[in-house]
Every structure is written in structure tokens, then in C-alpha cells.
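**Student:** What follows is a predicted structure for the sequence shown.
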Number of protein chains: 2
Amino acid sequence: MPEARVRDVFRVPVGKPVDLAGVDPAGTPVGPGGKAAGVAATAALGPRLAALQDRLYAASTAGDRRSVLLILQGMDTSGKGGVVAHVVGQFNPSGCRITAFKAPTPEELGHPFLWRIRRALPRPGQIGVFDRSHYEDVLITRVRELVPRRLLGRRYGQINRFEQSLADDGVTVVKVFLHLGFEEQRKRLLARLDDPGKHWKFHPGDIDERALWPAYQHAYELALERCSTDAAPWYVVPADRKWYRNWVISRLLLEHLEDMAPRYPAADFDVAECRARLLAQ
Amino acid sequence: MPEARVRDVFRVPVGKPVDLAGVDPAGTPVGPGGKAAGVAATAALGPRLAALQDRLYAASTAGDRRSVLLILQGMDTSGKGGVVAHVVGQFNPSGCRITAFKAPTPEELGHPFLWRIRRALPRPGQIGVFDRSHYEDVLITRVRELVPRRLLGRRYGQINRFEQSLADDGVTVVKVFLHLGFEEQRKRLLARLDDPGKHWKFHPGDIDERALWPAYQHAYELALERCSTDAAPWYVVPADRKWYRNWVISRLLLEHLEDMAPRYPAADFDVAECRARLLAQ
């Protein structure tokens, strides 16, 4: 039986309205149906991911300009950091470039919103990861009304043109919305409060953001429907089950890397002659 | 039985002459004596390393300025990249900053040799890793006579002052020389030639460098003896056995992190009140 293409199951269709309430954040529509099988399946993907990354990096040393950019978005506790630890952690760290975007600094605010994004892009051969991204500039900025609505409205088009330019430059952009349930977020925030080792991850402001849940869901729906393009589609990944989220994103990355099919470059030197020189030393 | 402190076994004593010929690159003076036990012991250290890294990062969010900088030096094929993949890969990648230093670019050559190094330092809470480093500026530059001997002689002192300043700033510097045998390097280079998937890692120039092996060993001896300081000691790690090298460096990092004893910061908010607010939402 051929494996279902995860990218076909979770991709947001181009130009269609998005209704997040219609997607079960605890769903497991394809793939392993239980935790033990899911954890094992993800672990089995690790070596395949690392092998493809090795080829991608190797190819870049011979002029292949391609790279991958995984963009992670989602509400607090949706698992962006967990994906970096457990999915991205399966790659060779030397070929990864991970950036966590926080509230913009004064210097960043003095530039166009894509300025800090451009500075963090993966180089050829790299796996880039954004923990939050330029989408914050149409999410919290919309919900909190941080910029005039007129400027906000332009940003979706700016983002689409920017991401098209990335695709043109050989960047495979994989945008993942970690779709978390309202109740599951409560559980995870309470768990942070119950563990003194996790207090540093908690901010009382998280509760204020949570109070704006419907506005955030709406802002995400707009971003997903306006910015899921052929060049850079969005994927809505159920995030209530951590093991499932990790499996889906591992599969997504695998499918994209397999489609890229990076190849080890051929030797540009005389292998037999080098062998002879080495044996003579 | 208390575990032997790896740092005491492999540290280069301050101010003593170094004789690399007297150190067995295939030796396993402490710790596991065989591959299976060594691989298992390293795997068991992974969760302990990640847990300490989590504390170090957490502490940085509350003002702890400390960080770790692992510096890897060694001849071609000595395993610098392997350490990044298999030892550094045990950490959460989001808290790592890895830099591979290549031959300096024209821009880098237009600055003092420590310029590019300062730009790659770990931030508070991070584990920084240098795959090659400022030591290249007293190694290949000495062997290849790329700078006047007079300037070269000054660099050891500059390096020591620089590393002292890092220590003053809270950076725990762990400098590892991967001590590889001449015959083992030949084997590894031949293995690269025998595997088309590894041709991209091979450069005919590697054979020319290998021809200068004694000069490199001497340059390393000088760097180790002049720059092993109390603030930033050197460790000579036997590198012929990959599993042993990985275990030693994992232990070295563990011992340093344990000595740093980073602590989770206390909550700066009212936990009970936040819990009540969450339950009311």
C-alpha cells in the first residue's frame, strides 16, 4: 500500500476560505493511530531525513543553491519549540539555521517588517527554521491593532511576493500552522504553572493573549487563506497530540526533501591518482 | 566508585611542554573500554546534557549571562564534524550556535584575526561550537608561513587575553584537540575516496596538508602549550576511535555544565493567581 502523501492531506488549498473550527486539533487522519506507533514511526524517519540533508548540503558545495525553510506558527504552547527539539533535532545541527523571532527590537522596528526575516534566511544547503516569522506581522499586529488596517492589508501581498522570490531562489518553503485546541492550551499552561522547572516559560501576558483566542483564530484563517500559494503552501497540522504533530512534520519534511532529490556531486578530481598519492605517503 | 573526572585526565597542564607523540591517539585511558559500552554510555549522557542545557537557557532568560563555547580543532578527518553531529546533536538545536570557520574571506582578512571569531560567540544561555577557530591563525598560518613570524608570535598572547576576556564575561571555554593518528587519517581519507557519497568532502589539497604532518603536529604542540590556561584549558582527546571521542567530549561537556550548575529561575509572578485566571477562562 503506498503511503499517503501527508502534504496532500494537510495542505491549505489555494484561494479557498479556511475554517479552523472545522479541523479537529486532536485528529489523526492519516498515519499511525497511536502514540507508541507514532513515536516509532518518527524515529524511523530520522535517519532518512539526515541522509537527505547530507545530500542537500553536499550538493551546495558544488553549486546547488537550494535550501529548505520550515516556518512554524501557532498559539502559545502549540509546540513550536517541541518541533525544533524533536523534529529538527533529527538533522545534523551543523546544517541547520534556527531563528526564534521575538517581539521586534527598536532596530527591527526601524526597518520594513521583512528586513529581519531576510537576514535569517537559510544559505544554500541549509535547513532553515523559523520559530514564529513574518506572519506575526499579520497576526498579533492585527489582533492588537499595532499597525493601521490599511498597511496590514498590503502585507499579505508583500508576503506572497516575498515567498515567491524565495521559491525563485531555490528555497523550498514549508509553512506549518500548529493547530491547537483551546482546552489543550489551558492544560499546557496549567502544566507550566505546576512545574517550577517550567515557570520561566510562562508569562502572565500569555493569559491575556489567550483571552483573544477567537480573534487570533480569525487572524490565522485570514493569513492561511490569503497566503497559501502554489509557491509556498500552508499546512494545518493537528497539534494536540505531540507525537502526531512530530510525525506529520517529519513526513512533510521528508516528502519535500524527496521531491527535491538532492544529489551528491561527482568528484572534480582524479580519484585513482589521489588514492595512489595517499598510499605513497 | 566515583567516576573519574575526564577533564583531569585529558587537560593540558598549564605551562608544561606538550609531546603529542607521547599520547596514543587510539588510547582509552578512562571510561568504557569497548565500542558497544561506549556508544551506550554516550547515549545515556544525552538526556543529562539536554537537561543541563535547558537550565542554562532558562537561567539566561532571568539575567544569567553564562554560556559554553566548545572549540574543536584537529587535522582533516579527525572528527570535528562527527562531534557536531553526534555530541552536539544531543542538545536542543534551538540553544546551539554552530560556526564552521573556513579559509578567511577577503572581508575577514581586512580585519584583525579575532574579528570573525567575536561575531560568532554564543549568546547567554547558548552552547556555542566552533568547528575550527582562531587557532587556525597560529596553525596553518605558521605551517604555511602566511604571516610574518613576528606577528605570529604575538598571537598566542592575544589569544590568551581574548579567552580570558571570554571567561570574564561568563563564557566557559572548552578547547578540544582531536588527536588523530597518521595511519588512521590515511584510512579515513581512503574511505572518502572509496565512497562516491563522500567525494564532496575530499580535496586533493588535503594530501598536500597531510604531507606537512610533522609541521602541523609541532604547530599544535606550540598552541597547546602556550594557550592552555586556567581560564581556558586545552584537552587532548584521542580521536582514532569515534565512539571514544564522542564519549570523552560528552563527558567533558557534562562536567563543565555540572560545575556551572545553572538553575531554573524562580517565578516573578503570582502562580496561584495565574492558575485561577486560567481556570476561569
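**Tutor:** Done, it's in.
**Student:** I figured residue A:247 hits residue A:41, correct?
**Tutor:** Yes - using CB atoms under 8 Å, residue A:247 makes contact with residue A:41 at a distance of 5.5 Å. (Glycine included, C-beta is placed from N, CA and C.)
**Student:** Give me the common contacts of the two.
**Tutor:** By the contact definition CB atoms under 8 Å, 6 or more residues apart in numbering or on different chains, residue A:247 and residue A:41 are jointly contacted by A:31-32.
**Student:** Tell me which of the two has more neighbours.
**Tutor:** Ranked by neighbour count (other CB atoms under 10 Å in any protein chain shown), residue A:247 and residue A:41 place residue A:247 first, with 27 against 17.
**Student:** Who are the contact partners of that one?
**Tutor:** A:31-32, A:38, A:41-42, A:45 are the contacts of residue A:247 under CB under 8 Å, 6+ apart.
**Student:** Could you measure from it over to chain B?
**Tutor:** 19 Å (CB to the nearest CB, to the nearest Å).
**Student:** Now do the same for that residue: helix, strand or coil?
**Tutor:** helix (DSSP: H, G, I helix; E, B strand; the rest coil).
**Student:** Please tell me the pLDDT value assigned to it.
**Tutor:** Note on residue A:247: pLDDT of 98.
**Student:** wait, residue A:271 sits on residue B:199?
**Tutor:** Yes - between residue A:271 and residue B:199 there is a contact under CB under 8 Å: 7.2 Å.
**Student:** list the residues that contact both of these two?
**Tutor:** By CB under 8 Å, 6+ apart, the residues touching both residue A:271 and residue B:199 are residue B:193.
**Student:** Neighbour count: the two, which is higher?
**Tutor:** residue B:199 (21 against 15).
**Student:** show me what contacts the more buried one?
**Tutor:** Here residue B:199 is in contact with A:264-267, A:271, B:192-193 (CB under 8 Å, 6+ apart).
**Student:** Helix, strand, or coil at residue A:150?
**Tutor:** Per three-state DSSP, residue A:150 ends up helix.
**Student:** hang on, I meant residue A:33
**Tutor:** Per three-state DSSP, residue A:33 ends up coil.
**Student:** What count of nearby residues applies to it?
**Tutor:** 10.
**Student:** same deal with the one 5 residues further on?
**Tutor:** By the measure other CB under 10 Å, the count of residues near residue A:38 is 21.
**Student:** And stretch A:9-23, end to end?
**Tutor:** Taking CA to CA, to the nearest Å, stretch A:9-23 runs 12 Å from one end to the other.
**Student:** how near is residue A:129 to chain B?
**Tutor:** For residue A:129 relative to chain B (CB to the nearest CB), the value is 8 Å.
**Student:** no, scratch that, I was asking about residue A:137
**Tutor:** 22 Å.
**Student:** Next one: the closest residue to that residue other than its chain neighbours, what pLDDT does it get?
**Tutor:** In space, residue A:137 comes closest to residue A:113 once its chain neighbours are excluded; the distance is 4.3 Å by CB to CB, 6 or more residues apart in numbering or on different chains. Predicted confidence (pLDDT) for residue A:113: 97.
**Student:** for residue A:33, same thing?
**Tutor:** On pLDDT, residue A:33 comes in at 89.
**Student:** and what of residue A:3?
**Tutor:** At residue A:3, the pLDDT value in this model is 65.
**Student:** Surely residue A:69 is within a helix?
**Tutor:** No - counting by three-state DSSP, one finds residue A:69 to be strand, located in no helix.
**Student:** And for the residue nearest to residue A:137, the neighbour number?
**Tutor:** 20.
**Student:** Isn't it up against residue A:152?
**Tutor:** No - counting by CB under 8 Å, residue A:113 stays clear of residue A:152, with 10.4 Å between them.
**Student:** so what's in contact with those two at the same time?
**Tutor:** With CB under 8 Å, 6+ apart, residue A:113 and residue A:152 have no common neighbours.
**Student:** Count the neighbours of the closest residue in space to residue A:89 that isn't next to it in sequence for me.
**Tutor:** Counting by CB to CB, 6+ apart, residue B:93 is the residue found nearest to residue A:89 once chain neighbours are left out, at 5.5 Å. Number of residues near residue B:93 (other CB under 10 Å) recorded here: 23.
**Student:** Repeat that for residue A:243.
**Tutor:** 19.
**Student:** Sticking with it, tell me its helix or strand.
**Tutor:** Assigned by DSSP states H and E, residue A:243 belongs to helix A:242-260.
**Student:** Can you spell out which helices and strands pack onto the next helix or strand after that helix?
**Tutor:** Next along the chain after helix A:242-260, taking DSSP H and E as the criterion, comes helix A:271-280. Using 3 or more CB pairs under 8 Å, 6 or more residues apart in numbering or on different chains; DSSP states H and E, the elements in contact with helix A:271-280 are helix B:182-194, helix B:205-210.
**Student:** Looking at the shortest one now, give me its mean pLDDT.
**Tutor:** In this case it means helix B:205-210. 96.
**Student:** mind listing what the spatially closest residue to residue A:67 that is not a sequence neighbour touches?
**Tutor:** Leaving aside its chain neighbours, residue A:67 sits nearest to residue A:122 (4.1 Å; criterion: CB to CB, 6+ apart). Residue A:122 makes contacts with A:67-69, A:97, A:128, A:171, as judged by CB under 8 Å, 6+ apart.
**Student:** and residue A:122, how far is that from chain B?
**Tutor:** In terms of CB to the nearest CB, residue A:122 sits 13 Å off from chain B.
**Student:** That residue belongs to a strand, doesn't it?
**Tutor:** No - counting by three-state DSSP, residue A:122 is located in no strand; its state is coil.
**Student:** residues from the stretch 1-150 of chain A in reach of chain B?
**Tutor:** A:54-55, A:58, A:61-62, A:81, A:84-85, A:88-89, A:91-94, A:96, A:98, A:100, A:131 (CB under 8 Å from any CB of the partner chain).
**Student:** OK, contacts around residue A:275?
**Tutor:** Here residue A:275 is in contact with B:190, B:193 (CB under 8 Å, 6+ apart).
**Student:** what do you get if the cut-off is 10 Å, keeping everything else the same?
**Tutor:** Counting by CB atoms under 10 Å, 6 or more residues apart in numbering or on different chains, residue A:275 makes contact with B:189-190, B:193-194, B:207.
**Student:** Could I get those in a markdown table, plus columns for neighbour count and distance to chain A?
**Tutor:** Shown next, in a markdown table, are those (neighbours: other CB atoms under 10 Å in any protein chain shown; distance: CB to the nearest CB, whole Å):
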| residue | neighbour count | distance to chain A |
| --- | --- | --- |
| B:189 | 23 | 6 |
| B:190 | 15 | 6 |
| B:193 | 18 | 5 |
| B:194 | 11 | 8 |
| B:207 | 19 | 5 |
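**Student:** Grab the two from those that are most spread out in space.
**Tutor:** B:194 and B:207 (15.2 Å; CB to CB).
**Student:** Quick one, which of the contacts of residue B:199 are buried?
**Tutor:** A:264-265, A:267, B:192-193 (16 or more other CB atoms under 10 Å in any protein chain shown).
**Student:** Mind listing what's buried along stretch A:11-30?
**Tutor:** A:11-12, A:18, A:25, A:28, A:30.
**Student:** Kindly report the same for stretch A:64-82.
**Tutor:** Buried-residue list, stretch A:64-82, by 16+ other CB under 10 Å: A:64, A:66-80, A:82.
**Student:** In helices, which of the residues you listed appear?
**Tutor:** Judged by DSSP state H, the subset of the buried residues of stretch A:64-82 located in helices is A:80, A:82.
**Student:** which residues does the residue nearest to residue A:89 contact?
**Tutor:** Residue B:93 sits in contact with A:84-85, A:88-93, A:96-98, A:127, A:129, B:127, where contact means CB under 10 Å, 6+ apart.
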